[in-house]
Every structure is written in C-alpha cells, then in structure tokens.
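1. mind folding the following:
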Amino acid sequence: MKVRRLDSRRESLAWEGSALERAWRLGASPRPYYVDDNVIVMEYVEGPLLGEALEDLGLTPQLVSEALDAARSLDAGGILHLELHRPWRNIVYTGTGRAYIIDLDSHTEGCGNVARLLSGLARLHQRLLMEVRRGVLRGELRAYVKKGCPRGSYDTIKNLVLEVIGLSNFPDAARY
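-> Below is the predicted model:
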C-alpha cells in the first residue's frame, strides 16, 4: 500500500495509479487493486529490490535480462520512469525472478527506460560503462530513443549488453 504523505508535493496519487494500471497491463509493474487521491493498494511482491539482489548475487544474467525486459515494456507503453537512472529501489524481483518496476510517481509520457536503466547499471561494470559512454552500445541507445524505442533496436541492445558483461552464453540471449 502506498499512502500520500501530508507533506507531499503531489495533490493526488491518482496520476501515479493510472500509470501503474497501464504498467501492470504491460507486464512491467504489480497489479493495482484500488486507487484514490490518497491511497494506492497494489499486489504485494515479495522479493528483493535490485540493490539488494545486486549485493547478494552480483550482476547476474537473470537480473539484467529481467530488468531490461521490464524497462522495455514501459517503453512500449510510452511510460518514461524518471528515476531509472538510479534503479536500486525502483525494481523489485518476484520469487520467480521476474522484475517489476515500481514507484511511478516520477514519470512522464515517452520512452527511454532501457537507456536510463543501463546508465545506472553501467556504474557497476567498467566495460559496460565504457560501452554506454563511447562504444557501439552508446550509438544503439541513442538510436533506440531517437526512433521511439522500436523492438528491433531493443533486441540489438539486449544482445550487446549480455555480450559486454560476459553473459553471451545466457540461454535466453539467443531468443532476443
């Protein structure tokens, strides 16, 4: 449950609730059950936040792949999460390892979540950081956002990311 604080700069949680409903339909967020100006009641997801999972497991194929897929789902739906460049507390993993993006109070219309997420993750991996800043991946990310986040560009980006962080042997990599 999320309750609007009395000192909140937002006058209502309805806007976030609407985005959460859209994100849930895209498969990127937990299901909202009830929304009004002051409360959002949503599906409970028991699992670690990205920051906790990274501390416990490191940068694993499943963590990266699932987070990228959730970010791509938001991109496909035109919801731009403005905090994914610091994803540590905005991505939660279910018991099955699926990633959900939460806390949509800072969002706007548009796409670019994959690029924002990779910007944050790059801080943890030197080679990925170099590729995001000046390698082939940088060009692919720019083209992805500029072209409106097409699926084909995402597939290329995901494969490059898995390759860069040494996960090209991840079984699902060939699928994307």
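2. what residues sit buried inside the worst-scoring helix or strand of the chain on mean pLDDT?
-> Here the helix or strand of the chain ranked lowest by mean pLDDT, DSSP states H and E is helix 126-134, holding a mean of 83. The neighbour-count check on helix 126-134 (16 or more other C-beta atoms under 10 Å) flags Leu128, Leu129, Glu131, Val132 as buried. (C-beta placed from N, C-alpha, C; glycine too.)
3. quick check: of those, which lies closest to Val114?
-> Closest approach to Val114 among those (C-beta to C-beta): Val132, at 11.2 Å.
4. and the closest one, what does it touch?
-> The contact partners of Val132, by C-beta atoms under 8 Å, 6 or more residues apart in numbering, come to Leu118, Ser119, Ala122, Arg138, Leu141.
5. packing partners for the biggest helix by length in the chain?
-> The single longest helix within the chain, with elements called by DSSP state H, is helix 61-77. Where contact means 3 or more C-beta pairs under 8 Å, 6 or more residues apart in numbering; DSSP states H and E, helix 61-77 is packed against helix 14-25, helix 50-57, strand 79-81, strand 91-93, strand 99-101, helix 113-121, helix 151-164.
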